[in-house]
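Enquirer: Just to be clear, the model below is a prediction. Sequence and coordinates:
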Amino acid sequence: MLLKTKGIVFRFTRYGETSIIASIFTAQLGLRSFMVNGVRTTSARSKMALFQPLTLLDLVVYYKENANLLRLKEIKCLHPYQTVNHNIVKSSVAMFLGEVMNRAVKEESHAEELCEFLIQSFITLDEISAGAENFHLVFLISLSKHLGFGVQHERELPEAAFLSAYELSLLQQLLAADYHSPLTLPAAERRNLLQLLLQFYRAHIENFGDLKSVAILREVLQ
């Protein structure tokens, strides 16, 4: 049967000489793998661009129950990025968010709600003119709520006991913020709050581990 859905590309792996297997989180099916043939050729370069990580998509899927690999009938870009790929802060934040999603998002029972959150988050990151340096912190707090272990109060974060009074006040502002909130976070405090949130994720997600993109994010946001 044919199924129409939105999705966001998580990653892809090469398969054979010209094909890929793409992992796409979809609103209707959650995180699924898709076999895509013949896209790693010179003539298909524009189509291959649709499978780059974090690309937002409209899809028509050939759906078969219990199939490990699905195929695509139609695919088009839902929102072409205007600034994410050209702004060093936004691209660094996006790379970090992509790594978080690959570690944290699995098969989700509330796939439609989560997929819409992810899509709207990246559209917002692309469109905002200010606040990109704090976007990843607000995203982590919001994503944790969609994953079922979201924090509502600073007391729910054990590491918050080691924050200074100033950092604790910033954390309280952050917990109440959305993507458009005018947050002012000094670089050192931003790094400390990020480590606190990542520790929170490690406590709730098995094998979350350390993220390679954190070092790049620190360098760009220092």
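Expert: In hand now; what should we look at? Note that the structure is predicted; figures quoted are calculated from it, not measured. Numbering: from 1, shown residues only.

Enquirer: can you give me phi and psi for the nearest residue to residue 10 once chain neighbours are set aside?
Expert: Closest residue to residue 10 apart from its sequence neighbours, by C-beta to C-beta, 6 or more residues apart in numbering: residue 23 at 4.5 Å. Bear in mind the C-beta positions are built from the backbone N, C-alpha and C, glycine included. For residue 23, the backbone dihedrals (degrees, to the nearest 10) come out as phi -100, psi 120.

Enquirer: Phi first, then psi, for the most far-flung residue of the chain relative to its centre.
Expert: Distance from the centre of the chain peaks at residue 165, with 30.6 Å (C-alpha atoms, centre = their mean). Dihedral pair for residue 165: phi -60, psi -40, per degrees, to the nearest 10.

Enquirer: Check which element follows the helix or strand of the chain with the lowest mean pLDDT along the chain.
Expert: Ranked by mean pLDDT, DSSP states H and E, the weakest helix or strand in the chain is helix 45-48, scoring a mean of 82. Sequence-wise, the next helix or strand downstream of helix 45-48 (DSSP states H and E) is strand 56-62.

Enquirer: elements contacting that next one?
Expert: strand 2-15, strand 19-26, strand 69-77, helix 111-127 (3 or more C-beta pairs under 8 Å, 6 or more residues apart in numbering; DSSP states H and E).

Enquirer: Also compute the angle for that strand relative to helix 111-127, please.
Expert: Strand 56-62 runs at 150 degrees relative to helix 111-127, counting by axes from the mean of the first three to the mean of the last three C-alpha atoms, to 10 degrees.

Enquirer: related to what we said a few turns ago, can you name the residues bridging to the residue nearest to residue 10?
Expert: Legend: beta-bridge partners of residue 23 under DSSP bridges are residue 11, residue 33.

Enquirer: pLDDT value on it, please?
Expert: On pLDDT, residue 23 comes in at 97.

Enquirer: Which residues are in contact with it?
Expert: Applying C-beta atoms under 8 Å, 6 or more residues apart in numbering, we find residue 23 in contact with 9, 10, 11, 12, 31, 32, 33, 34.

Enquirer: again with residue 39
Expert: When contacts are counted by C-beta under 8 Å, 6+ apart, residue 39 touches 18, 19, 20, 47, 48, 51.

Enquirer: How much space separates residue 90 from residue 202?
Expert: The gap separating residue 90 from residue 202 is 26 Å, by C-beta to C-beta, to the nearest Å.

Enquirer: tell me the phi and psi of residue 93?
Expert: Main-chain torsions, residue 93, degrees, to the nearest 10: phi -60, psi -40.

Enquirer: Am I right that it is in contact with residue 136?
Expert: Yes. Counting by C-beta atoms under 8 Å, residue 93 touches residue 136, with 5.0 Å between them.

Enquirer: what's stretch 89-109 in contact with?
Expert: Here stretch 89-109 makes contact (C-beta under 8 Å, 6+ apart) with 10-11, 25, 30-31, 53-54, 83-85, 114, 118, 121-122, 125-126, 132-133, 135-136, 139-140, 143, 147, 201, 205, 207-209, 211-214, 216-217, 220-221.

Enquirer: on that earlier part again, list the residues that contact both of residue 93 and residue 136?
Expert: Counting by C-beta under 8 Å, 6+ apart, the contacts common to residue 93 and residue 136 are residue 217.

Enquirer: sorry, back to before: the least confident helix or strand of the chain - contacts with which helices or strands?
Expert: By 3+ C-beta pairs under 8 Å, 6+ apart, helix 45-48 packs against no helix or strand.
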